[in-house]
Every structure is written in structure tokens, then in C-alpha cells.
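Chemist: Kindly generate the corresponding structure for this input.
(one chain, ligands or ions: 2)
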Amino acid sequence: MLDRRVYERIAAGEVVERPANAVKELVENSLDAGATRVAIEIRGGGVDLIRVRDDGVGMDREDALLSIERHATSKLASIDDLDHLSTLGFRGEALASIAAVSKLELVTRSRGAPYGERVAVQGGELVSADDECPTEGTAVEVRELFYNLPARRRFMKGPAAEGAKVTEAVERLAFTRPDVHFVYVSGGREILNAPPARSMQERALSILGLEVARHLVPLPALDPAARIRVSGVVGRPQLARPNRGQLFVSVNGRPVDSPLIDEAVRGSYGELLFRGRWPTAIVDVAVDPSKVDVNVHPTKREVLFREQEAVAEAVGQAVRAALAAADLVAEPRVRAAAPAEGDARAGRGPVPQTAGSRQLDLAGGALDEDRLRHAAEAGSITGEPVEWRDLGTMPSWLASLRPVGQVLDTYIVCEGEDALYLIDQHALAERLTYESIKASAARGRVKGQRLLEPILLVPTEAQLESLLRRRALLDSLGFSLDVLDDGRVRVGAMPAVLGSGEGRAEVEALLQDVLADEGATTVDAKEAIVRRMACHLAIRAGQRLDPRQVVGLLRGMAGSSDPLACVHGRPTVLRIPRAELERMFRRDE
Ligand code: ADP
Ligand code: MG
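Modeler: Ligands and ions are numbered 1, 2, ... in the order given. As a prediction, this is how the structure comes out:
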């Protein structure tokens, strides 16, 4: 038989897995106690010290002694509450568990009481209990976590890694209660100081910084009568990240792990996010507590919903509505170029002489006759308004775009609603080509375009095998391929897609690229090939466009389902608002 204390210690180690869990439990207790300010301090990643201090209701002597006993929750008012309580994760074992595996000291004073209490526990054994005279509220100090559980202690990562997990836990908590002041210090350094905020954006400002906060859009106002209420903010696609690090999800105000909600949020972005990327979002889902189960795992707080689909749908609806209402054109922070000091010619340096540059070289002095003639022959883009066909709803910024020209053979410059717009011609063309291939593929097959002069490829054996495996797929995408007796491959037709008329080099490169890919012959393989086709067949950077092509691209943009991101998730359009230009030219001073 295991000694009771040993058994309890092991059980406690299951509830408190690492410093981050302990911090979460302690801070949640502070919030439950009605704190308006919570100060968290850790040392050694939380293994050496965790201190959480709050200005909540505090505890009297009896409660303080009870609080460190297992199953001593003061929150279990009646049995009717059981369902409700389990939702919020009240099991009355957090403090007892932490106390069992550390040296814990609790200093607390309940509101209005003349004095307070200090209770010290070591490995679950009460060491002392004295009167004290602290300020109102509670401070819990946890030293040497797992000192009596060496196996668990060895399992800890280094202070930096454990500290990072604590930071993440604190951030998540701070997002659930923007009205509470959070201060967080690690190793003597203040990591976070979030004063009470009136909105989630304001809270995000103090946690994630201005560059993130300015790209957050609020979810639509809540319907208080709805069964599932989704609130929070979601980030513009440009805030997407390769992991879920900026996806903060809570249920009924408690941070939880919910792959269901994560996916529902991400799914709402559709093509705005490249696959594998995660958006930035802070989302709370409020549901009837009897419809969720939070305690699937004691430490991770994975959450299970009784009505999975309804929850996913409500989240999706809210996020899609927010994104649809938002203006998602990327607005980068542009820094005015400061002339280098001591350089007399600074700011008027030679303009790069790219072959196709159509800008007038004012800095260089005389206008080059040749170049002007060249520009005239190519036809001017300037001033030609785009005639929009009736394309149904179109964002107003897009409807008002007027192309001004092309620069650096790569970017289309437009004037729009009180702003300058820059479009990456390849990024946009790639998106449009991708959509058009997908649309034709969905309707049946992509039409092939006979090549006047067939292309002959000399594949390696592996490539040939890969090609034969994907023959049907390539056929359906508009290629016509024949294997000749000598092992060469004759390409007689290629997909007729937007802006085609590309050189053989591109087609060859595309086929080499496709053949080199050893991927499976699944739906994914098709998607991969379509993306590759888009990339290779679309108008490229460094290619001079004639006005017809520019207008074609802008029209395509108006008809696109997702014109703001290329297939790799890069932005296609940047906007520099008038105010930003004024700032750069210091007109606003
Ligand atoms: P639970 O939160 O599930 O009730 P805990 O072990 O986390 O269980 O806490 C036990 C009890 O201790 C709580 O129910 C509460 O009464 C009391 N308590 C813990 N921390 C605080 C605090 N910071 N302020 C006031 N009371 C607290
Ligand atoms: Mg608790």
C-alpha cells in the first residue's frame, strides 16, 4: 500500500503538470475572488518561485485553512450547481495539489477584516498559521515546485521553456478579462503590464503590441438571446502565423484547448490564409454550462461540446461576418526614407535603370528621347478608368481603383478612395489564374490549347513514372502528353488559362516542376499541380504590361472570390492612405 501522502503527491502531480498550470489555477482563483488587479511573479521559469497576488475578497482563517484541503471548494454552493461548476473547472483540488508538491505560503485578508492570516504548507503538511496584517486580498507564494517529486522535476524543461509556457498562460488569462489589471514579472523583468481595458483591441494593444492590435477587427455585436454567443476580435489575414500561438480561445470566460473552435476560426478565412497557417484571433464562446464538459483532461482543459456542429457554425458565422465587414487591404507601416547624412546627392541618387522602367527619370536630368518614345509605343496606362462590368457586390475601394501606371515592371500603381494602391502583378495574376483553373476543373476539365510547336521533354525514368501515374490528372487539367518510343515526352497542348501565351520556358519549367514532385495522386496532388500551374503560367514579376493587361488584371480582381492574397498567402494589394503619405512627407506637422 502506498502511503497516503505519497499517493496524494503523485495524484497532485497529475493535476499540476508544470508551473504554467499552477499559475493558471492561482490566477483563476484570483479572478473568481473578484480581483481587479492580479500581479504574477515567477523565478526560474516558475520552478523556483511563483507568486500571485490579488485584491480580491480574500479569506478568513477557517477558509484559508480549508482552501488547502482537497475537495474544499467554496464554490460548490449546492448540488444543483455541479454541472455549472464543472464547466468552470472548480474541483477544489488545485490549491491542495499545488500545496502537496511545493512549499506554499498563503497570506490573505478578507474584506473588512481587521487582520489577516498567513498559512504555510510544505509538501501538503501544515507548517504554521499565524495572524498577519497584510492588505486586503490574497497572495499565494509557491516555492520549489516538485521538490518532493523528483521524477516530475526532472521532467521540467529549462527555465526559459517553462517560463514561456507561463507567459502564454498569463496572456490567455489576460484576454479573458480585459477589465482586470494584469502585471507579470519573470526573472525580475516585467513581461506584461496590461491596465484595465475598455475593449479587446485595447487589451490586445498592451499584450500583442500596436502592429498586431491595429489589424484586429471586432466580431459582430452579440445577440444576448442566442444560445451560443461568440465574441472577440479576429486578425486580418496578414497577421497569420505558422502556429496557433496567437489564437486565444476561451469558453465561458475560461481559457481552453478546443481544436473544434480553432478549426472553425481558421476555416472562416478560406483562401485568405495559405494552408497550414493560423490566424490571430481572440474568441470567447459563451454556452449553457450544462452543454459543455471542460474536465476531459485535468491540466489541459480540453473542452467537449454536446453540440459540436452548432458551436462550429456559430463561430464560423461570427468570424465570416467580421471579415466580410472589414476592409482587409493590407496597410503596411511605411517609413519615410531619411537622406543619408553627409551625402550631398542623397535622395537624388541615380534611378535604377531597369530595362522596362516606365518612370520618368527626373533626377537624372534630361528626359531620354528613346525612352519616351518607347513609353508612347507601349501605350499609356495613365488616366484610363477601368470599365467595370456588373459584377454584383464589390468593395468600394476596389470599384474606385484607377490605374496610374506600372513601376519596376512588377507593381501596378492605382489611385483609389483617398489612398494610393500598389498591386503585385504576379501575386494577383497567380491568384486569378489559380481561381480560373480551379473553376474550369470544377466544371469538368480545363480546356487545352494546341501548341503550334509541340514541346519535347526528356524526362528521367523517375519523372516518366511520375508522369504516367498522373496522366489522367494532367489530361483533365488541359495538358496533352504523349510518350514517344525513344522515351521523350511530347507536349501537344497545354491549359488555356488567363494571360497565357507564355514562353515555352515556363511550360517546360512547370512540367519539370510537376514531375519532380513525388506527391501522392490524391486530391492534394491535384491542388498542388493547380497551384504550380498558377505560379508558372501567371504573368510574372519583371514583365512589362500593356494597358489591356493591367485592366484585365483589375477586372479579374473584381471578380475574384479572394483577391487579397496570392496562393501562398502573400498580399496582392497594399494601400498607403493619404494620411500615411502626409505623415511621410511631414505634412501633418
Ligand atoms: P476551486 O477553485 O475549484 O474552488 P481551489 O483549490 O482552486 O478550488 O481553491 C479552493 C478554495 O480556496 C476556493 O474555492 C476559494 O474559496 C479559496 N481561494 C483560493 N484562492 C483564493 C483567492 N485568491 N482569493 C480568495 N479565495 C481563494
Ligand atoms: Mg481554483
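Chemist: tell me the SS of residue 126?
Modeler: Secondary structure state of residue 126, per DSSP: H, G, I helix; E, B strand; the rest coil, is strand.
Chemist: Longest strand of the chain, counting residues only.
Modeler: As assigned by DSSP state E, the longest strand anywhere in the chain is strand 448-457.
Chemist: what's downstream of it, the next helix or strand?
Modeler: For strand 448-457, the following helix or strand on the C-terminal side (DSSP states H and E) is helix 461-469.
Chemist: least trustworthy helix or strand in the protein by mean pLDDT?
Modeler: Least confident helix or strand, the chain: helix 369-378 with a mean of 45, by mean pLDDT, DSSP states H and E.
Chemist: In space, what's closest to residue 432 - neighbours in sequence excluded?
Modeler: In this structure, residue 432 finds its nearest non-sequential neighbour in residue 556, 4.1 Å apart by C-beta to C-beta, 6 or more residues apart in numbering. Just so you know, the C-beta spots here come from the backbone N, C-alpha and C atoms, and that holds for glycine as well.
Chemist: give me the element that neighbour is part of.
Modeler: Residue 556 is part of helix 547-559, with elements assigned from DSSP H and E.
Chemist: List the buried residues in that helix.
Modeler: Neighbour-count burial for helix 547-559 flags 547, 549, 550, 551, 552, 553, 554, 555, 556, 557, 558 (criterion: 16 or more other C-beta atoms under 10 Å).
Chemist: From residue 429, how far out is the second one?
Modeler: Using C-beta to C-beta, to the nearest Å, we find residue 549 at a distance of 9 Å from residue 429.
Chemist: tally of neighbours for residue 516?
Modeler: 12 (other C-beta atoms under 10 Å).
Chemist: correction: residue 561
Modeler: Residues near residue 561, counting by other C-beta under 10 Å, number 11.
Chemist: Remind me what the longest strand of the chain packs against, helices and strands.
Modeler: The contact analysis (3 or more C-beta pairs under 8 Å, 6 or more residues apart in numbering; DSSP states H and E) places strand 448-457 against strand 489-495, helix 504-516.
Chemist: For residue 22, which of the ones you listed is the nearest?
Modeler: Among the helices and strands packed on strand 448-457, helix 504-516 comes nearest to residue 22, with 50.7 Å by C-beta to C-beta.
Chemist: Which positions in this structure make contact with ligand 2?
Modeler: Within the chain, the positions near ligand 2 by C-beta under 5 Å from the ion are 29, 94.
Chemist: which stretches of the chain have low pLDDT?
Modeler: Confidence mapping of the chain against pLDDT under 70 gives the ranges 1-2, 71-91, 294-300, 333-394, 497-504, 517-523.
Chemist: what about the closest residue to ligand 1 within the stretch 351-500 of the chain, distance to residue 59?
Modeler: Residue of the stretch 351-500 of the chain nearest ligand 1, by C-beta to the nearest ligand atom: residue 395 (48.1 Å). Residue 395 sits 56 Å away from residue 59, taking C-beta to C-beta as the criterion.
Chemist: ok, which stretches of the stretch 351-500 of the chain are strands?
Modeler: For the stretch 351-500 of the chain, the strands defined by DSSP state E, counting those that start in this stretch cover 402-407, 411-416, 419-424, 448-457, 480-483, 489-495.
Chemist: now for the shortest one, which elements pack on it?
Modeler: Other helices and strands packing on strand 480-483, by 3+ C-beta pairs under 8 Å, 6+ apart, are helix 461-469, helix 471-476, strand 489-495.
Chemist: Provide a list of residues in contact with residue 494.
Modeler: Shown in contact with residue 494 (C-beta atoms under 8 Å, 6 or more residues apart in numbering): 448, 449, 451, 478, 479, 480, 500, 507.
Chemist: okay but residue 202 is in contact with residue 175, surely?
Modeler: No: Residue 202 lies out of contact with residue 175 (C-beta atoms under 8 Å); the separation is 11.6 Å.
Chemist: And the two? Which one has more around it.
Modeler: The residue with more neighbours, out of residue 202 and residue 175, is residue 175; 24 against 14, by other C-beta under 10 Å.
Chemist: Please give me every residue in contact with the more buried one.
Modeler: By C-beta under 8 Å, 6+ apart, the residues touching residue 175 are 200, 203, 204, 207, 248, 250, 255, 282.
Chemist: change it to 6 Å
Modeler: Shown in contact with residue 175 (C-beta atoms under 6 Å, 6 or more residues apart in numbering): 248, 282.
Chemist: Specify the local secondary structure of it.
Modeler: Once three-state DSSP is applied, residue 175 turns out helix.
Chemist: Against residue 255, how distant is it?
Modeler: According to C-beta to C-beta, residue 175 and residue 255 sit 8 Å apart.
Chemist: Next: residue 33.
Modeler: Distance, residue 33 to residue 255, by C-beta to C-beta: 18 Å.
Chemist: When the two are compared, which one has more neighbours?
Modeler: residue 255 (24 against 20).
Chemist: Which helix or strand contains the closest residue to the more buried one other than its chain neighbours?
Modeler: The shortest distance from residue 255 to any non-neighbouring residue, by C-beta to C-beta, 6+ apart, is to residue 172 (4.0 Å). For residue 172, the host element (DSSP H and E) is helix 159-176.
Chemist: and that helix, which residues are buried?
Modeler: By neighbour count on 16+ other C-beta under 10 Å, the buried set for helix 159-176 is 159, 162-163, 165-167, 169-176.
Chemist: go on, stretch 463-479?
Modeler: Across stretch 463-479, burial judged by 16+ other C-beta under 10 Å covers 463, 464, 466, 467, 470, 473, 474, 477, 478, 479.
Chemist: quick one: it to chain centroid distance?
Modeler: From the chain centre to the centre of stretch 463-479 is a distance of 36 Å (C-alpha atoms, centre = their mean, to the nearest Å).
Chemist: How about residues contacting it?
Modeler: With contacts defined as C-beta under 6 Å, 6+ apart, stretch 463-479 is touched by 445, 446, 447, 448, 494, 495, 515, 521, 526.
Chemist: got the CA coordinates for that stretch in CSV?
Modeler: The C-alpha trace of stretch 463-479 is given here as CSV (Å, rounded to 0.1, in the frame of the first residue of the first chain):
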residue,chain,number,x,y,z
GLN,A,463,9.9,11.5,-63.8
LEU,A,464,8.4,9.4,-66.5
GLU,A,465,6.9,7.1,-64.0
SER,A,466,5.5,10.0,-62.0
LEU,A,467,4.1,11.4,-65.2
LEU,A,468,2.4,8.2,-66.2
ARG,A,469,0.9,7.9,-62.8
ARG,A,470,-0.6,11.4,-63.1
ARG,A,471,-1.5,11.2,-66.7
ALA,A,472,-5.3,11.3,-66.2
LEU,A,473,-4.9,14.2,-63.8
LEU,A,474,-2.7,16.2,-66.2
ASP,A,475,-5.2,15.4,-69.1
SER,A,476,-8.1,16.8,-67.1
LEU,A,477,-6.1,19.9,-66.5
GLY,A,478,-5.7,20.6,-70.2
PHE,A,479,-2.3,19.0,-71.0
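Chemist: where along the stretch 201-350 of the chain do the strands fall?
Modeler: Taking DSSP E, counting those that start in this stretch, the strands of the stretch 201-350 of the chain run over residues 216-218, 229-235, 247-251, 254-255, 281-286, 292-293, 304-305.
Chemist: Export those strands as CSV, with columns for distance to residue 180.
Modeler: Listed next are the strands of the stretch 201-350 of the chain as CSV, based on distance: least, C-beta to C-beta, whole Å:
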stretch, distance to residue 180
strand 216-218, 20
strand 229-235, 16
strand 247-251, 14
strand 254-255, 14
strand 281-286, 14
strand 292-293, 23
strand 304-305, 27
